[in-house]
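Novice: Got a predicted model here, sequence first, then my questions.
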Amino acid sequence: MAGVPVSGPAFDPVARAFAPDAEGRAVRLRGWVLRSRSSGGILFVVLRDRTGHVQVTARRDAVGAAAFDAAEHVQVEGAISVEGTVAADARAPGGREVRATSIAVLDAGQPFPIFSEQTEEFLLDKRHLAIRSQEHVATFRVKAELLRALREFLDREEVLEVTPPILSGNAAEGGSEAFQIDYFGRPGYLSQTAQLYLEALIAPHERVYALTPSFRAEKSRTNRHLTEYLHLEVELAWTDLDGLIDFTERMIAESVRAVAERRPKELAALGRPPEELLALRRPFPRITYTEAIERLRAQGFRLEWGSDLGTAEERALTLESKEPLFVTRYPRAVKAFYMLQTPGDPRTVEAVDLLGPEGYHELVGASCRETDIDRLVERIGQIGARVEEYEWYLDLRRHGSVPHAGLGLGIERLLRWMLRREHIRETTPFPRTPARHTP
């Protein structure tokens, strides 16, 4: 690599070769070798960068024997720079190629260990290399677009982004699913949710959100669970259950539509026609938990009222649907301690889950928050926690508490449905599961 220029005159993005006016123009490119072959003194290289890929054709007599021989030995994912002229060629990917006048090796690389028909475990062991695949590139472009669309929606709604901590002195939803750490001789926890801190922040700001990693110490070896995931959480003052459902519905519908409009090529390449996402319309259907139990019983499930809805039950409720489904007013006993008891019905809480279409399970969990201190103290005791650990949270009820509600959205779960991925680990670059925390 010594002496190889990486600065100087500006390099063009690969996409420049496909501009309407590019034919016949000189370009200067650099990037990684997607694949290559040589035949009869001609080297064909597919070169990629962040903007796309293009075929480069290098003739020995045009670039010189030494440069040709060096480039011929560059491995897949090796790095090169190229100068040449854009030309039309129907045989080339995209109908264009760059006919090289010079080619330089930046890093020839070693034989690339990723190729077809390898085991899933091997690909996970080599995830740091496997994420260079075109499928992963498209996935994470869509994910970035989704995050942008969600932030844009929240900005339009005048919801303020805030930065709650990831380390906490108490487990927000109970200790059994929290990762406990030694925090300088005291127990500490990796955040399961930012919610309690967001509730503190609604007093000065009224409408807040956070986009942070959350951690769950669940030994769930399913295709929809991660031990670390990206969590979008929103907290809204002066909001009841109907207002919360309306907000959630608009957020999902508008954000999904924005992604479909901006990333149609990537969606189509990943097996999700963008037209399907563009067809998503409000309002989404809504049923109560009690109605859900009745539907499931009619499908042959043996469920008692008060049972939580598991993977199979959630899947059955939306398997044949193209729309998300809201399920409201769950039993109090199966939900978190901070959820508001339904007025007139002590058995249920003002909670709602949004289940993904096509059997893709829960995407959003949301609820109105309990404002009665006595009920909160009772529920904290029922989950086996010490009230003293939540005194700061109870203070929020002592000093200007107002009706409020919030939601939590698992980014990877939403993306899994949007991209029709079989396993949630394909929606994050470096998945964390009970069996894996490397690379």
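Specialist: Great, that's in hand.
Novice: How about residues contacting the longest strand belonging to the chain?
Specialist: What stands out as the longest strand in the chain, according to DSSP state E, is strand 26-39. The contact list for strand 26-39 (CB atoms under 8 Å, 6 or more residues apart in numbering) reads 6, 9-14, 16-17, 43-49, 53-54, 56, 72, 74-86, 98, 106, 109, 132. Where you see a C-beta, it was placed from the backbone N, CA and C, and this is true even at glycine.
Novice: Please spell out the ChimeraX selection for the buried subset of the residues you listed.
Specialist: To isolate the buried members of the contacts of strand 26-39 in ChimeraX, using 16 or more other CB atoms under 10 Å:
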select :11,12,13,14,16,17,43,44,45,46,47,48,49,53,54,56,72,74,76,77,78,79,80,81,82,83,84,85,86,98,106,109
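Novice: For the longest strand of the chain, output the C-alpha coordinates as CSV.
Specialist: Extracted C-alpha coordinates of strand 26-39, given in CSV (Å, rounded to 0.1, in the frame of the first residue of the first chain):
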residue,chain,number,x,y,z
ALA,A,26,-13.5,10.5,-17.2
VAL,A,27,-14.0,9.3,-13.6
ARG,A,28,-11.7,8.5,-10.7
LEU,A,29,-13.0,5.7,-8.5
ARG,A,30,-12.0,3.8,-5.4
GLY,A,31,-13.6,1.0,-3.5
TRP,A,32,-13.7,-2.7,-2.8
VAL,A,33,-13.7,-5.6,-5.3
LEU,A,34,-17.1,-7.4,-5.3
ARG,A,35,-15.9,-10.0,-7.8
SER,A,36,-13.4,-10.2,-10.7
ARG,A,37,-12.2,-12.4,-13.6
SER,A,38,-9.6,-12.1,-16.3
SER,A,39,-9.6,-13.4,-19.9
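Novice: Run the angle between the helix or strand that it is followed by and strand 26-39 for me.
Specialist: Sequence order places strand 42-49 as the next helix or strand after strand 26-39, per DSSP states H and E. For strand 42-49 against strand 26-39, the angle by axes from the mean of the first three to the mean of the last three CA atoms, to 10 degrees is 130 degrees.
Novice: mind listing what strand 42-49 pairs with, with the direction of each?
Specialist: Sheet pairing of strand 42-49 (DSSP bridges) gives strand 26-39 (antiparallel), strand 52-59 (antiparallel).
Novice: Same list, those, but as CSV with distance to T239 and mean pLDDT please.
Specialist: CSV is the format used below for the strands paired with strand 42-49 (distance: least, CB to CB, whole Å; pLDDT from 0 to 100):
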stretch, distance to T239, mean pLDDT
strand 26-39, 49, 97
strand 52-59, 44, 98
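Novice: Which one of the ones you listed lies nearest to T227?
Specialist: strand 26-39 (31.7 Å; CB to CB).
Novice: Show the end-to-end separation of stretch 319-330, please.
Specialist: 21 Å (CA to CA, to the nearest Å).
Novice: no no, stretch 426-437
Specialist: Length of stretch 426-437, first residue to last, CA to CA: 15 Å.
Novice: So for it, what gets flagged as buried?
Specialist: For stretch 426-437, burial by neighbour count (16+ other CB under 10 Å) applies to E426, T427, T428, P431, R432, T433.
Novice: Low-confidence stretches in the stretch 1-150 of the chain?
Specialist: For the stretch 1-150 of the chain, the stretches flagged by pLDDT under 70 are 1-8.
Novice: and if we set it to 50?
Specialist: 1-3 (pLDDT under 50).
Novice: tell me the helices in it, going along the chain?
Specialist: 60-63, 65-72, 120-125, 127-130, 134-156 (DSSP state H, counting those that start in this stretch).
Novice: export the last one as PDB, just CAs?
Specialist: When you say that, I think you mean helix 134-156. Extracted in PDB, the C-alpha atoms of helix 134-156 (Å, rounded to 0.1, in the frame of the first residue of the first chain):
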ATOM      1  CA  GLN A 134     -25.500  -6.700  -0.600                       C
ATOM      2  CA  GLU A 135     -28.400  -8.000   1.500                       C
ATOM      3  CA  HIS A 136     -27.000  -6.600   4.700                       C
ATOM      4  CA  VAL A 137     -26.100  -3.300   3.000                       C
ATOM      5  CA  ALA A 138     -29.700  -2.900   1.800                       C
ATOM      6  CA  THR A 139     -31.100  -3.900   5.200                       C
ATOM      7  CA  PHE A 140     -29.100  -1.300   7.100                       C
ATOM      8  CA  ARG A 141     -29.900   1.400   4.500                       C
ATOM      9  CA  VAL A 142     -33.600   0.700   5.200                       C
ATOM     10  CA  LYS A 143     -33.000   0.700   8.900                       C
ATOM     11  CA  ALA A 144     -31.300   4.100   8.800                       C
ATOM     12  CA  GLU A 145     -34.200   5.400   6.700                       C
ATOM     13  CA  LEU A 146     -36.700   4.100   9.300                       C
ATOM     14  CA  LEU A 147     -34.900   5.900  12.100                       C
ATOM     15  CA  ARG A 148     -34.800   9.100  10.100                       C
ATOM     16  CA  ALA A 149     -38.600   8.800   9.300                       C
ATOM     17  CA  LEU A 150     -39.500   8.200  13.000                       C
ATOM     18  CA  ARG A 151     -37.400  11.200  14.100                       C
ATOM     19  CA  GLU A 152     -39.000  13.400  11.500                       C
ATOM     20  CA  PHE A 153     -42.500  12.300  12.600                       C
ATOM     21  CA  LEU A 154     -41.600  13.000  16.300                       C
ATOM     22  CA  ASP A 155     -40.200  16.400  15.300                       C
ATOM     23  CA  ARG A 156     -43.400  17.300  13.500                       C
END
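Novice: pLDDT on the helix or strand following that helix, on average?
Specialist: The helix or strand immediately downstream of helix 134-156 is strand 160-161, counting by DSSP H and E. Confidence over strand 160-161 (mean pLDDT, whole number) is 98.
Novice: next one: strand 160-161 to chain centre, how far?
Specialist: 19 Å (CA atoms, centre = their mean, to the nearest Å).
Novice: Show me what that strand is packed against.
Specialist: strand 207-215 (3 or more CB pairs under 8 Å, 6 or more residues apart in numbering; DSSP states H and E).
Novice: before we move on, the earlier item: could you dump the helices of the stretch 1-150 of the chain to JSON lines with distance to L277?
Specialist: Compiled in JSON lines, the helices of the stretch 1-150 of the chain are given as follows (distance: least, CB to CB, whole Å):
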{"stretch": "helix 60-63", "distance to L277": "45"}
{"stretch": "helix 65-72", "distance to L277": "42"}
{"stretch": "helix 120-125", "distance to L277": "27"}
{"stretch": "helix 127-130", "distance to L277": "26"}
{"stretch": "helix 134-156", "distance to L277": "10"}
